[in-house]
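Asker: Task: produce atomic coordinates for the following.
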Amino acid sequence: QVKLVESGGGSVQAGGSLRLSCTASGATFSNYAVAWFRQAPGKEREIITVRHRDTTFYAASMKDRFTISRDNTKNSVYLQMDSLKPEDTAVYYCAADLDYSALVRYRLPEVWGQGTLVTVSS
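Answerer: Model prediction:
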């Protein structure tokens, strides 16, 4: 099973950008669909995006300012976040599953990273 470690979180002012990274180990990374989720204080965890091979899913509210990319040669996936708002403050999680369709539909991945905190100040 793959293991995931996120990095790149931190504090940023509204309007700024951050790029999160997620590095995988322990299994053939290219076999996995990889997703980004987030959980804001007091709110439920929500999906942002999923990427597998050439297929990408974005939640409707996330499409404009968030971009996922992956580099299988580095066993890594990235989340570029632009025009950040205070309401984007959350813990961001990387996740993976062998089944892309199930991950998009049910949002219950096999594997979770530990999360990285993003704080956006006004």
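Asker: Return the distance of T49 relative to Y100.
Answerer: Counting by Cβ to Cβ, to the nearest Å, the gap from T49 to Y100 is 12 Å. For every residue, glycine as well, the C-beta is placed using N, CA and C.
Asker: would you list every one of the helices in this protein?
Answerer: 100-106 (DSSP state H).
Asker: what about G15, how many neighbours?
Answerer: Counted with other Cβ atoms under 10 Å, the neighbours of G15 add up to 11.
Asker: Equivalent analysis for T73, please.
Answerer: Using other Cβ under 10 Å, T73 is surrounded by 8 other residues.
Asker: so what's it scoring on pLDDT?
Answerer: The confidence metric pLDDT takes the value 92 at T73.
Asker: Same question for the one 4 residues further on.
Answerer: Note on V77: pLDDT of 97.
Asker: same thing with F57?
Answerer: Value for F57, per-residue pLDDT: 97.
Asker: Go ahead and confirm it touches V104.
Answerer: Yes: F57 lies in contact with V104 (Cβ atoms under 8 Å); the separation is 4.9 Å.
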